[in-house]
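Enquirer: model this:
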Amino acid sequence: MLYIPPAFRETDPATLHAVIRDARLAILVCAALDGAMPWVTHLPLMLDAEDGPLGTLHGHVAKANGHWQALVRASRALVIFTGPDAYVSPAHYASKREHGKVVPTWNYVAVHAECDAEIYHDAARLHAVVSRLTDQHEGARAEPWAVGDAPEPFIAGQLKGIVGVALRITALEGKRKLSQNRSAEDRAGVKTGLADSADGGDRDLARLME
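Expert: Reported below is the predicted structural model:
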């Protein structure tokens, strides 16, 4: 479970889906039934928002990665997506100048997706998901690379080394910690301070506060 104070809770599916789409890399977690530490894999995933009430995530993992076998046994998984984050200095708060009773914190955006997991080995389905993922991440390039640019026998060999993962979302939790619990003056100070930062992530978070 994700700890979410009411001020930071986000429930709008469109907003949560936007965080998922903007995340460049997801964290896939599932239980190890033998009592060992949970399995964790970092991987890009693609959201099909129309597949199921909350959408389905699609991706693949290496066949040598035992995580997929753990997913078969557990059948359930948690997927974590993170958005912009930023350190918040007490210097940003107007209340620091008033009474000094302030401490640092961290602002961030996160979405947790609870999913039913499906593992598959079908070559045509794997080819389709690899192609779609590639197109998604190559699309902004001036000369995008496509799976079809590589020799078909080579791609067929590569597909034998992966397994497909389809993760049907059953629950979504969203947290947008953007200083909503502070006064309007403190919140404005944080937004200005982050917007003026040299760090691009700080500026991205400041834009979310607008």
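Enquirer: quick one, what contacts Arg24?
Expert: Applying C-beta atoms under 8 Å, 6 or more residues apart in numbering to Arg24 gives the contacts Pro44. Glycine gets a C-beta too; all of them are placed from N, C-alpha and C.
Enquirer: if I look at it, how far off is Pro13?
Expert: Per C-beta to C-beta, to the nearest Å, Arg24 is found 21 Å from Pro13.
Enquirer: tally of neighbours for Gly55?
Expert: Residue crowding around Gly55 was assessed by other C-beta atoms under 10 Å; the count is 20.
Enquirer: number of residues surrounding the residue lying closest to it once chain neighbours are set aside?
Expert: Spatial nearest neighbour of Gly55, excluding adjacent residues (C-beta to C-beta, 6 or more residues apart in numbering): Ala49 at 4.3 Å. For Ala49, the count of nearby residues is 14 (other C-beta under 10 Å).
Enquirer: then the one 3 residues further on?
Expert: Burial of Gly52, expressed as a neighbour count using other C-beta under 10 Å, amounts to 13.
Enquirer: and the helix or strand of the chain with the lowest mean pLDDT, what does it pack onto?
Expert: One helix or strand of the chain scores below all others by mean pLDDT, DSSP states H and E: helix 94-98, with a mean of 83. When contacts are defined as 3 or more C-beta pairs under 8 Å, 6 or more residues apart in numbering; DSSP states H and E, helix 94-98 packs onto helix 184-195.
Enquirer: what lies in contact with the helix it packs on?
Expert: 86, 88-89, 91-95, 107, 178-180, 182, 202-203, 205-207, 209-210.
Enquirer: next step: the residues you listed restricted to helices.
Expert: Among the contacts of helix 184-195, DSSP state H puts 94-95, 202-203, 205-207 in helices.
Enquirer: can I get these in TSV with neighbour count?
Expert: Converted to TSV, the ones in helices among the contacts of helix 184-195 look like this (neighbours: other C-beta atoms under 10 Å):
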residue	neighbour count
Ala94	16
Ser95	15
Asp202	19
Arg203	15
Leu205	28
Ala206	21
Arg207	11
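Enquirer: let's have these in CSV, adding distance to Leu2.
Expert: As requested, the ones in helices among the contacts of helix 184-195 are exported to CSV (distance: C-beta to C-beta, whole Å):
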residue, distance to Leu2
Ala94, 30
Ser95, 28
Asp202, 23
Arg203, 26
Leu205, 19
Ala206, 23
Arg207, 23
